[in-house]
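A.B. asks: With the input below, show me the fold.
(2 chains)
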Amino acid sequence: MKPAPFSYYRATSVEDAIAALSGADGMAAVLAGGQSLVPMLNLRLSPVDHLIDLRPIAALSRQEETPEAICYGALTTHAAFEDGAVPDGTNGLMRYAASHIAYRAVRNRGTLGGALALADPAADWLTTAVALDASVTLTGPDGQRYLAITDFVVGPYYTQIAEHEIIDSVVVPRRSATERWGYYKVAPKVGEYAKSLAVALVDSEKASARLVIGAWSDVPLVLEASAIALLDGAKKNDLTMVVQNELDLKMPSLSPAERRLHTATAVRAAEQTRS
Amino acid sequence: MGYSDLNHSDTKQGIGASVKRNEDARLVNGQGTYLADLEIPGTLEAAFIRSPVAHARLGAVKVPSEYNNHVFLAADLDFAHPIVAATDDPQFQSTKQFALAKNKVRYVGEMIAVCIAPTRAQAEDIAQSCELELDELPALWDMDVATSPDALLIHEHWRDNIYLKTDVSVGDLERARKEATVSLSKSLSMGRHGAVPLECRGVLAHHDRRLNELTVYSSTQFPHVLRTCISRALDLPESQVRVIAPDVGGGFGAKGNFSPEELTIAALAMKLNQPIRWIEDRRENLIASPHAREHRYDVTVHANNDGLILGIEAMIRVDAGAYSVWPWTAAMEAGMVVGILPGPYHVPAYAAKSQSICTNKTPMGPYRGVGRTGACFAMDVMIDALARELHLDPADVRLLNLIKPEDMPYQSITGKQYDSGDYPEAARKALDAIDVGAIRSRQATGEKDNRLIGFGMSSYTEQTAHGTAEWVSRGLPVVFGYEPALARLTPDGKLILHVGIQNHGQGLETTLAQVASEELGIAVADVVVRHGDSSVSPYGMGTFGSRSMTMAGGAVSVACGQLADKVKRIGAHLLQSTADAVTLFDGRVHTETASVPLAEVAEAATLHPERLPEGEEPGLDISAVYEPKRSTGAFSYATHACVMAVDPGTGEMEILDYVVVHDCGRMVNPMIVEAQVVGGVAQGLGTALYEEIPYDDNGQPLSSTFLDYMIPGCAEVPNVRMLHIETPSPHTQYGIKGLGEGGAISPPAAVVNALNDALKSLGAEITQTPVTPLRILEAIESGTASSS
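C.D. replies: Below is the predicted model:
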């Protein structure tokens, strides 16, 4: 479990990192927190000739606030969210989600941008970002582009990041103060990846609701019909039926046990918004 | 009850005192020396090329020409004899495991070549640059696949893919079948997993020019036995081989084997006259260290309406993997299960068939609890199923069938001699401690959070300190019947114990010192225990099978007892008294009015023979060998009881309470006993709930890193409440019984019984470990399906 030889470069700016990526001869990868990439390197599962370390780039750890949204530099760590060290526009949802990622040692180094770039369907940030309608800013040789998170993620471990692009930042729209959220995660033990993960957001005053289920075999799934039922104040049993039906429709490959699990997770996240 | 409440001893540091461990200052402060810490000048690091496929003919290995002197294949080590571990049963089909694979590979992880370089990373680079020609064969990845009628033979000269079949029948089973009002059959299974010591395996071998010795450092549980293995495999006199086990970071059985890695590194270091080290990484550890636990049971219990067991029939199948592990053999697990399945219960008629099956998987070796964890799981899960079938409380059925104290010593239906104890008392204490009545009323009320709760218990009897008779009956290549100790009082009055065991977490550097303290009245801090080196102690068998405290403790007791006699004679002489008028305590020899320190006695015996009594030999080295009076083992026992909560929506589980009532005879150090039991429970919970290495139908192991392989962490292990019973064994020194494995035996049974109790109302039943949340949901779904 020692990595194959690779060159290591500490990038000084985003432009410098992109130049290094573009100019690399062979396979190049950027290093953020390294909590997934480094184990992959050690297992020789990721053939990397050049490792470009983004961590010296202060701009990637910035946070910018506007009245509508908060922009988090890609290197903002899970711990920074957990500790409340960065501004929050989600009524505490991001802080809660961050504090439930893996173990503190992972959270100290792991980053928001790194997690989204990996696009592990079982990871906390992906489902949370979909629930929050986040968008991703990508910077490449031809400048910047902005993708809604649902456009950014194409499939499990598969995103729209182009060859010489990096994630610059993640923009999370501010939620209304009257919105309530629910977050329900099922993991086989403390610190493990989720087997099922649901995020619910309901704002009765604004008549908006969103219910997202993640940690299944594909990218997070938005349950629109269930969200409407939730907003309509469906009783738990009725809501359960709606969720089940929507899962049957959208996730027909689930086994009965998996269907039971994801139904329970979605309903519980939803129930948390009204408890 | 914590150890501080045990009220065993006051200032005495001998048997029964919870003294703190001598070894902890070193281990806790990061001063231990493990395989990776050794610094032998010029050492090259090894990386193995391991088979990426489960079953294939092995063609050429293409090595880039620049690495010709860095990569070694089977042909380079053809002077090394293969590892052969067979029982003396003529039906046993044996395997030959060469240091490196020849012609064929039989499991993912089997070693094909060894690459050496100044660093491990460079060695891995070399390994990656080599190409393997593999002509793949169908993978026999499961017991059912390997025993299907048209299955390919994994070892071509065999009759079938079964190492050994056994068939025993004792008692009148016909009658049991006829008289039974209920005959309940179930299929049960346990998942395959690893031993996962904190420190993985490792070997460093080099030729010591001055001593003309091949010195082999290995993270092993049995350095002396390993010396014999290496000497035989390499045709070296034992006097030219030395094996040293430095600090060993856990073994749990997986380091008590002669491994092909040890053979390869020793052979290559000898061939090249070059220090070579291999440090196992976690991926290798999960893929290629001996595996454990994969058993399948088809059990029928015959009983009357009260739940009284009239007979048991069992078919036991063990997935022993591709090779037979030395010295235990591939038949060990099944053999153990057949012998101990009835456990602490009175079973009047018993028939058991077993099959030890060869598959394209990593060989199965010993792991804490060996066989007994599976046997206990099968028996105790069946007892609860029987109780449910008869609408009785499982506790009542268990108490009805437990062997009564008045029947001790008890000869089990398989011929085991249970030496002592009160099995029902342990069960009753556990029931009281957990307050089953309160659990039952809580169940009737229901939980506010809609979870289901259940109570489960399990009782086992643990054969420990197996002696000559036990090992002879198993027909192994080696009989581990005894243990030696050399007790050496130094001129300054301190004691060095040279012992043949290997301490790797058991606290033996303290508990053996406590035995010496008991005999010699010497402070535990003044005793050094030297172990783990074939050149520092008489030949001994090492540490496994819950044997060291009983066996080496006995030897230390005998040696120190004799030493005490001599010290008393000399001390009495110095005090102008007689040996029968003096006593030994607080590091001095006392008459009623005067005393002399051990140092003065030791100085006389070693540096001033003129001060000795007439006819007394100088010197204070005494060597003794100990065998228990009966060599069929000392039987510890326990009842584990737990309360589990299950979330029927998500399958999540929580252990609400866990109680162990334990009897390991005389406790040498209750604090260490409790820690050993809790550690065992943690591992048993791993078997019950987390640890699994499933294989796909290509024979690929699906959990090869800690990303996929889960072990319980501090958040998962509950506060284990422990109660003790102390029934001394009649066969051993001080009545000590072993206890190293016991904690890991009952958790799967206790947990599954509690879950089945919780899930009863849903018609769901768990019959398989590990119990994952998804398996809970599957059981609920099939229960719901079958009841609707």
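A.B. asks: Am I right that B:Asp167 sits in a strand?
C.D. replies: Yes. With DSSP: H, G, I helix; E, B strand; the rest coil as the criterion, B:Asp167 is part of a strand.
A.B. asks: and the gap between the closest residue to it other than its chain neighbours and chain A?
C.D. replies: Nearest residue to B:Asp167, sequence neighbours excluded (Cβ to Cβ, 6 or more residues apart in numbering or on different chains): B:Lys353, at 4.9 Å. Placement of C-beta: from N, CA and C, glycine included. B:Lys353 sits 33 Å away from chain A when distances are taken as Cβ to the nearest Cβ, to the nearest Å.
A.B. asks: can I assume B:Lys353 sits in a helix?
C.D. replies: No. Counting by three-state DSSP, B:Lys353 falls outside a helix, being strand.
A.B. asks: which parts of the stretch 101-250 of chain A sit against chain B?
C.D. replies: For the stretch 101-250 of chain A, the residues in contact with chain B (Cβ under 8 Å from any Cβ of the partner chain) are A:186, A:188-192, A:195-196.
A.B. asks: Produce a ChimeraX select command limited to the buried residues of those.
C.D. replies: Remark: buried members of those, expressed as a ChimeraX selection using 16 or more other Cβ atoms under 10 Å in any protein chain shown:
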select /A:186,188,191,192,195,196
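A.B. asks: out of the residues of the stretch 101-250 of chain A next to chain B, which one sits closest to A:Glu64?
C.D. replies: Distance to A:Glu64, by Cβ to Cβ, is smallest for A:Gly191 among these, at 31.5 Å.
A.B. asks: What's the local residue count around the closest residue to the closest one other than its chain neighbours?
C.D. replies: Excluding its sequence neighbours, the residue lying closest to A:Gly191 (Cβ to Cβ, 6+ apart) is A:Tyr103, at 4.5 Å. Look at A:Tyr103: counted by other Cβ atoms under 10 Å in any protein chain shown, it has 13 neighbours.
A.B. asks: follow-up on the earlier one: pretty sure the residue nearest to B:Asp167 sits against B:Ile162.
C.D. replies: No. B:Lys353 is beyond contact range of B:Ile162, at 11.5 Å (criterion: Cβ atoms under 8 Å).
A.B. asks: pretty sure the residue nearest to A:Gly191 contacts A:Lys189?
C.D. replies: No. If you go by Cβ under 8 Å, A:Tyr103 and A:Lys189 don't touch, sitting 11.0 Å apart.
A.B. asks: tell me the domain ranges of the chain?
C.D. replies: Going with chain A. Split into domains by automatic domain parsing, chain A comes to A:1-175, A:180-272.
A.B. asks: wrong chain, I was asking about chain B
C.D. replies: The record's domain parsing of chain B by automatic domain parsing lists B:11-32+B:482-626, B:35-137+B:200-248+B:255-288, B:295-469+B:630-787.
A.B. asks: What residues does B:Ala351 make contact with?
C.D. replies: B:168-170, B:173, B:311-314 (Cβ atoms under 8 Å, 6 or more residues apart in numbering or on different chains).
A.B. asks: picking up where we left off before, between B:Lys353 and B:Ile162, which is the more surrounded one?
C.D. replies: B:Ile162 (22 against 17).
A.B. asks: On the strand side of things, show who that one bridges to.
C.D. replies: Under the criterion DSSP bridges, B:Ile162 forms beta bridges with B:Ile357.
A.B. asks: Could you give the separation between the terminal residues of stretch B:151-170?
C.D. replies: Chord length of stretch B:151-170, first to last residue, is 33 Å (Cα to Cα, to the nearest Å).
A.B. asks: give the contact list for the closest residue to chain A within the stretch 451-600 of chain B.
C.D. replies: Of all residues in the stretch 451-600 of chain B, the one sitting closest to chain A is B:Arg451 (11.9 Å; Cβ to the nearest Cβ). Listed by Cβ under 8 Å, 6+ apart, the contact set of B:Arg451 reads B:645-648, B:654.
A.B. asks: Can you give me every residue that contacts A:Ile213?
C.D. replies: By Cβ under 8 Å, 6+ apart, the residues touching A:Ile213 are A:127, A:196-198, A:220-221, A:223, A:247, A:262, A:265-266.
A.B. asks: Can you say which two of these are spatially most distant?
C.D. replies: Going by Cβ to Cβ, the pair spanning these furthest: A:Thr127 and A:Leu247, at 15.0 Å.
A.B. asks: of the two, who's got more company?
C.D. replies: The neighbour comparison of A:Thr127 against A:Leu247 (other Cβ under 10 Å) goes to A:Thr127, with 27 against 22.
A.B. asks: so that one makes contact with A:Val212?
C.D. replies: Yes. Using Cβ under 8 Å, A:Thr127 is in contact with A:Val212, at 5.6 Å.
A.B. asks: and for those two, which residues touch both?
C.D. replies: Joint contacts of A:Thr127 and A:Val212 (Cβ under 8 Å, 6+ apart) are A:198-199, A:220.
A.B. asks: Out of those, grab the one that's most surrounded.
C.D. replies: Compared across these, A:Ala198 has the highest neighbour count, 32 neighbours, by other Cβ under 10 Å.
A.B. asks: for that residue, helix, strand, or coil?
C.D. replies: Relying on three-state DSSP, one would call A:Ala198 strand.
A.B. asks: Any idea what it is bridged to?
C.D. replies: Under the criterion used (DSSP bridges), A:Ala198 bridges to A:Tyr184, A:Ile213.
A.B. asks: and the gap between it and B:Val105?
C.D. replies: Applying Cβ to Cβ, to the nearest Å, the value for A:Ala198 to B:Val105 is 45 Å.
A.B. asks: now A:Pro188
C.D. replies: A:Pro188 is 32 Å from B:Val105, where distance means Cβ to Cβ.
A.B. asks: Likewise for B:Gln514?
C.D. replies: Distance from B:Gln514 to B:Val105, by Cβ to Cβ: 49 Å.
A.B. asks: Regarding B:Ser420, what are the backbone dihedral angles?
C.D. replies: Main-chain torsions, B:Ser420, degrees, to the nearest 10: phi -170, psi 170.
A.B. asks: Now do the contacts for the nearest residue to it once chain neighbours are set aside.
C.D. replies: Using Cβ to Cβ, 6+ apart and skipping residues adjacent in sequence, the residue nearest B:Ser420 is B:Thr727, 4.8 Å away. Residues counted as contacts of B:Thr727 (Cβ under 8 Å, 6+ apart) are B:420-422, B:663, B:665, B:735.
A.B. asks: Narrow the contacts of B:Arg451 to those in strands?
C.D. replies: B:645-646, B:654 (DSSP state E).
A.B. asks: Tell me the buried residues within these.
C.D. replies: Buried among the ones in strands among the contacts of B:Arg451 by 16+ other Cβ under 10 Å: B:645-646.
A.B. asks: Distance to chain A and pLDDT added to the ones in strands among the contacts of B:Arg451, as TSV?
C.D. replies: Listed next are the ones in strands among the contacts of B:Arg451 as TSV, based on distance: Cβ to the nearest Cβ, whole Å; pLDDT from 0 to 100:
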residue	distance to chain A	pLDDT
B:Ala645	15	98
B:Val646	12	98
B:Glu654	11	97
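A.B. asks: before we move on, back to that, the contacts of A:Ile213 in helices, which ones?
C.D. replies: A:127, A:247, A:262, A:265-266 (DSSP state H).
A.B. asks: pLDDT added to those residues, as TSV?
C.D. replies: Formatted as TSV, the ones in helices among the contacts of A:Ile213 follow (pLDDT from 0 to 100):
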residue	pLDDT
A:Thr127	98
A:Leu247	97
A:His262	98
A:Thr265	98
A:Ala266	98
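A.B. asks: Take the residues you listed and lay them out in TSV including distance to B:Pro41.
C.D. replies: Output for the ones in helices among the contacts of A:Ile213, formatted as TSV (distance: Cβ to Cβ, whole Å):
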residue	distance to B:Pro41
A:Thr127	54
A:Leu247	64
A:His262	59
A:Thr265	58
A:Ala266	62
